[in-house]
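Undergrad: Generate coordinates for the sequence data below:
(2 chains)
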Protein chains: 2
Amino acid sequence: MHVAILLYPRFTALDAVGPYTVLSVAPGCTVTFVAAEAGPVVDDQGTLTLLATASYAGLPAPDVIVVPGGPGTLEALSDEPLLEWIRRAHEHTRWTTSVCTGSLILGAAGLLTGLKATTHWAFLDALTGFGASPAAERVVTEGKIVTAAGVSAGIDMALTLLARARDVETAQLVQLAIEYDPRPPFDAGSPKTAPDGLAERALTLLTGA
Amino acid sequence: MHVAILLYPRFTALDAVGPYTVLSVAPGCTVTFVAAEAGPVVDDQGTLTLLATASYAGLPAPDVIVVPGGPGTLEALSDEPLLEWIRRAHEHTRWTTSVCTGSLILGAAGLLTGLKATTHWAFLDALTGFGASPAAERVVTEGKIVTAAGVSAGIDMALTLLARARDVETAQLVQLAIEYDPRPPFDAGSPKTAPDGLAERALTLLTGA
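TA: Down below sits the predicted model:
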């Protein structure tokens, strides 16, 4: 199974590296980072650089695509070569997936019309602009399209995907290998459980970056 | 607060990028990837390349160091310039931390003698070789040394660290921003809960890579 993870300027690193780690550890999976051109791509903090090893032209038909989110989503929404790569790849994929605001990019490519989808909690409403029905869920599967909530949700998405694309035991094997037995020290990862006022501050942190 | 994340050949990507994402999002934190020399460093799967932007010599005294694990740990344990950078940095750090088998590197640098520490579940016994007491816990804090369990535990470690180094509210703010509200699809992330026989297979996957 060949997985292509899309990179574009100002992506969020964990959106890409969470699914990467799950899928690259799985036996029989190959993961490639793809961008407009092969070469360095800088993340949303300006301090992490990942190397894309394939261009859009060099990897037209992977089995799975993963579209991460991040502040760079805003530019990606009108990046026609990027959207065209997604549209064409999607014609052949077994699975088309996103993490965080990556689902807005799937929406801009026209893939979410009439479908339920999720994204980062702060941007759920924006999905309606692409004809999708927002769902405040961790992972949403609609046919071969799988969307995940914000940033860290890509790990849950990739394990869910692996169980579907391969089998439950392979997903459990990878989960154990990466010791994914999360113990968040606080119960503040969702606006439903976070202390009052924190969502507004988080939104400022996210959009002011 | 200046955080240095150490990179070395065949590190595990999520060990580094989990803490990176938590700490780089935190207001007032700067994160730098450091290696023997500035430049590309390839991960344990051979398919992800991160750019180090500082050499050991260029970043001698960060406030926090994060040492990731991975199959490359084995070579790192006898990499004297790497161990010497850790020893000298540790003299000045506010916090010295590790993820996964990164704690074995702290051990090889002589920092864990007589201390409780953790690492990936499969390698806990190896800590005794460095005079440490292995603890099967998610995150272990001993003075200014914080060690984390395998791979994904770096996210929990970084949030725990942020709450101590700054305050609880900052850690919760970051947790909400990265929507760290984990929902693993299976309860297989620990050898205590994984199906029978899976630990042996995971060990083969990890050491055969």
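Undergrad: drop to CA atoms for contacts and neighbour counts, all remaining ones
TA: OK.
Undergrad: hey, where'd the helices end up in chain A?
TA: Assigned by DSSP state H, chain A shows helices spanning A:13-25, A:73-76, A:80-92, A:102-108, A:153-165, A:168-177, A:198-208.
Undergrad: And those helices, which one averages the lowest pLDDT?
TA: Ranked by mean pLDDT, those end with helix A:198-208 in last place, scoring a mean of 90.
Undergrad: Is chain B within reach of it?
TA: Yes - using C-alpha under 8 Å from any C-alpha of the partner chain, helix A:198-208 comes into contact with chain B via A:198, A:199, A:201, A:202, A:203, A:205, A:206.
Undergrad: Redo the residues you listed as TSV? Include neighbour count.
TA: Output for the residues of helix A:198-208 next to chain B, formatted as TSV (neighbours: other C-alpha atoms under 10 Å in any protein chain shown):
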residue	neighbour count
A:198	19
A:199	20
A:201	13
A:202	21
A:203	17
A:205	16
A:206	16
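Undergrad: ok, and the closest non-adjacent residue to residue A:6?
TA: In space, and not counting its chain neighbours, residue A:6 is closest to residue A:34: 5.0 Å by C-alpha to C-alpha, 6 or more residues apart in numbering or on different chains.
Undergrad: got the contact list for that neighbour?
TA: The contact partners of residue A:34, by C-alpha atoms under 8 Å, 6 or more residues apart in numbering or on different chains, come to A:4, A:5, A:6, A:7, A:52, A:53, A:54, A:55, A:56, A:59.
Undergrad: So which of the residues you listed are in strands?
TA: Among the contacts of residue A:34, the members falling in strands (DSSP state E) are A:4, A:5, A:6, A:52, A:54, A:55.
Undergrad: Which of those sits closest to chain B?
TA: residue A:52 (8.3 Å; C-alpha to the nearest C-alpha).
Undergrad: if I pick that closest one, what's in contact with it?
TA: Neighbour list for residue A:52: A:7, A:32, A:33, A:34, A:35, A:37, A:38, A:39, A:40, A:41 [criterion: C-alpha under 8 Å, 6+ apart].
Undergrad: need the contact list for the first one.
TA: Meaning residue A:7. In this structure, residue A:7 makes contact with A:16, A:33, A:34, A:35, A:41, A:52, A:67, A:68, judged by C-alpha under 8 Å, 6+ apart.
Undergrad: ok, and the most crowded of these?
TA: The most neighbours of any of those, using other C-alpha atoms under 10 Å in any protein chain shown, belong to residue A:68, which has 32 neighbours.
Undergrad: Okay, buried residues for stretch A:76-93 please.
TA: Of the residues in stretch A:76-93, A:76, A:77, A:82, A:83, A:85, A:86, A:87, A:89, A:90, A:93 count as buried by neighbour count, 16 or more other C-alpha atoms under 10 Å in any protein chain shown.
Undergrad: returning to that earlier point: with distance to residue B:24 and pLDDT added, can I get the contacts of residue A:34 in a markdown table?
TA: Listed next are those as a markdown table, based on distance: C-alpha to C-alpha, whole Å; pLDDT from 0 to 100:
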| residue | distance to residue B:24 | pLDDT |
| --- | --- | --- |
| A:4 | 25 | 98 |
| A:5 | 22 | 98 |
| A:6 | 21 | 98 |
| A:7 | 19 | 98 |
| A:52 | 22 | 98 |
| A:53 | 25 | 97 |
| A:54 | 27 | 98 |
| A:55 | 28 | 98 |
| A:56 | 29 | 98 |
| A:59 | 31 | 95 |
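Undergrad: out of those, what pair is the most spread apart?
TA: A:7 and A:59 (13.0 Å; C-alpha to C-alpha).
Undergrad: Tell me who's in contact with the closest residue to residue A:17 other than its chain neighbours.
TA: Distances taken as C-alpha to C-alpha, 6+ apart put residue B:14 closest to residue A:17, at 6.3 Å, once the chain neighbours are dropped. Counting by C-alpha under 8 Å, 6+ apart, residue B:14 touches A:14, A:17, A:18, A:21, B:151, B:152, B:154.
Undergrad: Could you identify the buried members of these?
TA: A:14, A:17, A:18, A:21, B:151, B:152, B:154.
Undergrad: so the third one touches residue A:155, yeah?
TA: In this case it means residue A:18. Yes - using C-alpha atoms under 8 Å, residue A:18 is in contact with residue A:155, at 4.9 Å.
Undergrad: Run a quick neighbour tally on residue A:204.
TA: 12.
Undergrad: now swap in residue A:95 and tell me
TA: Number of residues near residue A:95 (other C-alpha under 10 Å) recorded here: 20.
Undergrad: can you check residue A:196 too?
TA: 9.
Undergrad: check contacts around residue A:133.
TA: So residue A:133 contacts A:114, A:115, A:116, A:117, A:127 (C-alpha under 8 Å, 6+ apart).
Undergrad: just checking, which of those residues belong to strands?
TA: Checking these against DSSP E, those in strands are A:116, A:117.
Undergrad: Give me the buried entries from the contacts of residue A:133.
TA: Counted by 16+ other C-alpha under 10 Å, the contacts of residue A:133 give A:115, A:116, A:117, A:127 as buried.
Undergrad: near chain B, which of those residues show up?
TA: Within the buried ones among the contacts of residue A:133, nothing lies near chain B by C-alpha under 8 Å from any C-alpha.
Undergrad: Out of the residues you listed, flag the one nearest to residue A:108.
TA: Using C-alpha to C-alpha, the buried ones among the contacts of residue A:133 come closest to residue A:108 at residue A:127, 9.5 Å.
Undergrad: how close does that closest one get to residue B:158?
TA: Going from residue A:127 to residue B:158 by C-alpha to C-alpha, to the nearest Å gives 31 Å.
Undergrad: can you check residue A:169 too?
TA: 29 Å.
Undergrad: How about residue A:139?
TA: Counting by C-alpha to C-alpha, the gap from residue A:139 to residue B:158 is 24 Å.
Undergrad: what does residue A:173 give?
TA: Counting by C-alpha to C-alpha, the gap from residue A:173 to residue B:158 is 25 Å.
Undergrad: do residue A:91 as well
TA: Taking C-alpha to C-alpha, one finds residue A:91 at 40 Å from residue B:158.
Undergrad: Contact partners for the residue nearest the centre of chain A?
TA: In chain A, the centroid-proximal residue (C-alpha atoms, centre = their mean) is residue A:99; its distance is 2.2 Å. Residues in contact with residue A:99 (C-alpha under 8 Å, 6+ apart) are A:15-16, A:66-69, A:119, A:147-151, A:153-154, A:157.
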